[in-house]
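>>> this one's sequence-less:
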């Protein structure tokens, strides 16, 4: 990490020495500069989230809490040679940010989130090459720094298809006032930073979005809350279908590797469907998402490297969130999420969900936007109504700081 920061500092100092100006730099817009020959453009953003989480078990009244640096990101984007050849690099440096990737990557850090080249080769067309987010559910594609509540929903944490490596083909067209956007992706299928040989097949993702009333201001269909206070109703409807051929991980691109009795990776096909919508108008915002994941071919279970039985995570979930942003940039928000993992037949007469506990979650939040999503304070509380485990109350507080 020290080497990485040192290299970053050298790059910054070198670039500043030859930069023409900082025109366009500012909070939320990062530090922007360009060499005298205009051979490239660089925007550097840094942000981190300081988070508090408390959990109250409503059965035994036990309370647990923790402070953490939820995320710490370095992001670089810009273009090379001309604006039609863009790039994005994003690094995750906090331990919490990398989650359980240590155990999934031979105890090595998984720092690289995005490393992708973007080529605008014709009007309305782009080709992306590298590693970045797949065009899955809307909430996952929205940046973690631009969320309406403290963190993403249970639907996202259980069903999202995250990031992968490969090719993305984007197209956007305007039909009168309506905007239609399509994307196709062909990727490795087992997630970011995996270095092993792809022996089982690829992942195929397709998404279409329709904005019947035209585009949102400042790409508002992909950030939480109506910070731009849309003067006219704006709506975006999206559908994604993902088919992952021969994956070995519990959630396709995420989770533990599942092994057979011989210790070899199993290869099952996972099919995932997402449907979502975003609506904004004069401070009001509503977002809906649906997710459904199933094993389309192959076994549904196996073992992990420690000998524990593991299942591919399948089921369905619904998520609705809505809120209102007052003129003093205080937002009141709410969320309802229902997760129904697949029930498994454990004997001849009994079927139950052993993949995960079914639950319904109700959440209320309050946010103060000091400088948009770049500098904000958010608090929320949630009630977890769980089917077979103790119900819980959750308490969150978070400050987002960046430039």
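Okay, I see it. Bear in mind the structure is a predicted one, so any value in this text is a computation, not a measurement.

>>> enumerate every residue touching residue 329.
227, 368, 369, 370 (C-beta atoms under 8 Å, 6 or more residues apart in numbering). All C-beta atoms are positioned from the backbone trio N, CA, C, and that covers glycine.

>>> try it again with 10 Å
Applying C-beta atoms under 10 Å, 6 or more residues apart in numbering, we find residue 329 in contact with 225, 227, 367, 368, 369, 370, 371, 372, 376.

>>> kindly confirm my reading that the fifth one forms part of a strand.
Yes: under DSSP: H, G, I helix; E, B strand; the rest coil, residue 369 falls within a strand.

>>> from residue 307, how far out is it?
With distances taken as C-beta to C-beta, to the nearest Å, residue 369 is found 49 Å from residue 307.

>>> again with the fourth one
Taking C-beta to C-beta as the criterion, residue 368 is separated from residue 307 by 49 Å.

>>> who has more neighbours, these two?
residue 368 (14 against 8; other C-beta atoms under 10 Å).

>>> residues in contact with the residue nearest to the more buried one when sequence neighbours are not counted?
Once flanking residues are discounted, residue 368 sits nearest to residue 377: 4.8 Å by C-beta to C-beta, 6 or more residues apart in numbering. Residue 377 makes contact with 330, 366, 367, 368, 369, 370, 397, 398, 399, 400, 401, according to C-beta under 10 Å, 6+ apart.

>>> next one: residue 129
115, 116, 117, 118, 119, 165, 166, 167, 168.

>>> do that again at 7 Å, thanks
Shown in contact with residue 129 (C-beta atoms under 7 Å, 6 or more residues apart in numbering): 116, 117, 167.

>>> what count of nearby residues applies to the second one?
Residues lying near residue 117 (other C-beta under 10 Å) number 14.

>>> which helix or strand lies directly C-terminal to the host helix or strand of it?
Element membership for residue 117 (DSSP states H and E) is strand 112-122. Remark: after strand 112-122, the chain's next helix or strand is strand 125-133, criterion DSSP H and E.

>>> list the buried ones in that next one?
126, 128, 130, 131, 132, 133 (16 or more other C-beta atoms under 10 Å).

>>> how about TSV for those residues, with pLDDT and distance to residue 280 added?
Shown next, in TSV, are those (pLDDT from 0 to 100; distance: C-beta to C-beta, whole Å):
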residue	pLDDT	distance to residue 280
126	98	25
128	98	27
130	97	31
131	97	30
132	97	25
133	98	22
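
>>> can you list phi and psi of residue 140 for me?
Dihedral angles of residue 140 (phi, psi; degrees, to the nearest 10) stand at phi -70, psi -40.

>>> what pLDDT does it get?
pLDDT recorded at residue 140 is 97.

>>> do the same with residue 304
89.

>>> same check on residue 379?
98.

>>> can you pull out the helices in the chain?
2-18, 95-98, 101-104, 138-141, 154-159 (DSSP state H).

>>> weakest of those in terms of mean pLDDT?
Among the helices of the chain, helix 101-104 scores lowest, at a mean of 46.

>>> where in this protein is pLDDT low?
Scanning the chain with the threshold set as pLDDT under 70 gives 1-22, 99-109, 345-350.

>>> center of it, which residue is that?
residue 140 (3.0 Å; C-alpha atoms, centre = their mean).

>>> now the closest residue to it other than its chain neighbours. Its backbone dihedrals?
Excluding its sequence neighbours, the residue lying closest to residue 140 (C-beta to C-beta, 6+ apart) is residue 160, at 4.1 Å. Torsion angles at residue 160 (phi, psi; degrees, to the nearest 10) stand at phi -70, psi 160.

>>> which residues touch residue 160?
Applying C-beta under 7 Å, 6+ apart, the residues near residue 160 are 136, 137, 140.

>>> check residue 241 too.
Neighbouring residues of residue 241 by C-beta under 7 Å, 6+ apart: 206, 273.

>>> give me the number of residues near the residue lying closest to residue 232 once chain neighbours are set aside?
Spatially, and ignoring its direct neighbours in sequence, residue 232 is nearest to residue 213 (6.5 Å; C-beta to C-beta, 6+ apart). By other C-beta under 10 Å, the residues close to residue 213 number 16.

>>> again, but for residue 239
Neighbours of residue 239 (other C-beta under 10 Å): 15.

>>> for residue 258, see how far away it is.
28 Å.

>>> repeat for residue 275
Counting by C-beta to C-beta - residue 275 and residue 258 are separated by 27 Å.

>>> the residue nearest to the centre of the chain against residue 155, yeah?
No: Residue 140 is beyond contact range of residue 155, at 9.4 Å (criterion: C-beta atoms under 7 Å).

>>> returning to that earlier point: with neighbour numbers in mind, choose between residue 275 and residue 258.
residue 258 (24 against 17).

>>> for the closest residue to the more buried one other than its chain neighbours, which residues are in contact?
Excluding its sequence neighbours, the residue lying closest to residue 258 (C-beta to C-beta, 6+ apart) is residue 302, at 4.0 Å. Counting by C-beta under 7 Å, 6+ apart, residue 302 touches 258, 259, 260, 266, 310.
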